[in-house]
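Participant: quick one: sequence and predicted model below, then my questions.
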Amino acid sequence: MTEPIVECEGLVHIYRTAELEVVALQGLDLRVEPGEVVAIVGRSGSGKTTLMNVIAGVEEPTAGVARVGGHDLARMTERERETYRRELVGYVLQHSQANLATDLNALENVLLPMTNRSTEESRQRAAFLLETMGMDELAATYPGELSGGEAERLAVAIAMANQPQVLLADEPTAELDRATADSVLRDLRQLLRESGSAAIIVTHDASVERHADRVIQIRDGRTSTQTRWLERAGEVVADELLIMDRAGRIQLPRAYVERLGARGLIRAHLEGDEIRLRRDDQEPPNE
């Protein structure tokens, strides 16, 4: 069994101000294998962005374990964090133009992060990235002249410049129409396969989930469900698993709760191999 490239166990992150504490992550568990593409979904405020910031080395864990590529993110010095952010992870910000230097053309933007390669190696790497992302004919074009899809493609190429072990992408299709988004995601998957990099993509776009190996839902700062897309009888179907945390708690998806007609706390009674669910305000089963 291979070692995970990303491993979080009981991860906690608390934002503190003079008057307030906000617990953004409440014992989250996550494991990402090398080369795997994982989509992270959840409502605003569920902890998605905080998780990305911790993995990116921008925020320090308050408690628990967070390891990426063998690096303990809770024990790194600031200098180690700078090296880590430059060499191990690539980050695509939500607004594509925010990733780009407006006074540099596309080729120069991709070359900019490459500080540990020779000039020739850097140019070969940049040419490969631009070609894979369908931007080779726009190498001399400046960011202000690019469409939304082209800017997103260039942002991915820049994030992958130093061949990171993990690519982090925050809502990479938020500014794109469906056809453009699918095209960008297909080329991104191809680039990840050729580079051997894993990816974690935060999204609200259901179409992104079809391009991922797994979909992890976060609720209230913890992972709650995991979905894989499987082919059965010639159709692609979602195989969804509920995740139980170390305290034995299961977070049911909203659709399941509504289907069961359940509100508040639910008790599970095991009778043989059958699991019976009842609401707290219902009569208890005969003992």
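Facilitator: Here it is on my side, so go on.
Participant: where does this structure have low pLDDT?
Facilitator: For the chain, the stretches flagged by pLDDT under 70 are 1, 228-287.
Participant: please enumerate the helices of it.
Facilitator: Secondary structure of the chain by DSSP state H: the helices cover 48-55, 78-87, 106-111, 119-132, 148-159, 178-195, 206-209, 254-260.
Participant: quick one, which of the ones you listed is nearest to E21?
Facilitator: Each of these has some distance to E21 by Cβ to Cβ; the shortest is helix 48-55, at 13.6 Å. C-betas here are computed from N, CA, C, even on glycine.
Participant: how about the CA coordinates for that closest one, as PDB?
Facilitator: What follows is helix 48-55, C-alpha atoms only, in PDB (Å, rounded to 0.1, in the frame of the first residue of the first chain):
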ATOM      1  CA  LYS A  48     -13.300  24.000   2.500                       C
ATOM      2  CA  THR A  49     -11.100  27.100   2.100                       C
ATOM      3  CA  THR A  50      -9.500  26.700   5.500                       C
ATOM      4  CA  LEU A  51      -8.500  23.100   4.600                       C
ATOM      5  CA  MET A  52      -7.000  24.300   1.300                       C
ATOM      6  CA  ASN A  53      -5.000  27.100   3.200                       C
ATOM      7  CA  VAL A  54      -3.700  24.500   5.700                       C
ATOM      8  CA  ILE A  55      -2.600  22.100   2.900                       C
END
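Participant: and that helix, what does it pack onto?
Facilitator: In terms of contacts (3 or more Cβ pairs under 8 Å, 6 or more residues apart in numbering; DSSP states H and E), helix 48-55 is packed against strand 6-16, strand 21-32, strand 37-41, strand 63-68, strand 166-170, strand 198-202.
Participant: quick one on the thing from earlier: deepest of the helices of the chain, which one?
Facilitator: Mean neighbour counts were compared across these using mean count of other Cβ atoms under 10 Å; the top stretch is helix 148-159, at a mean of 24.
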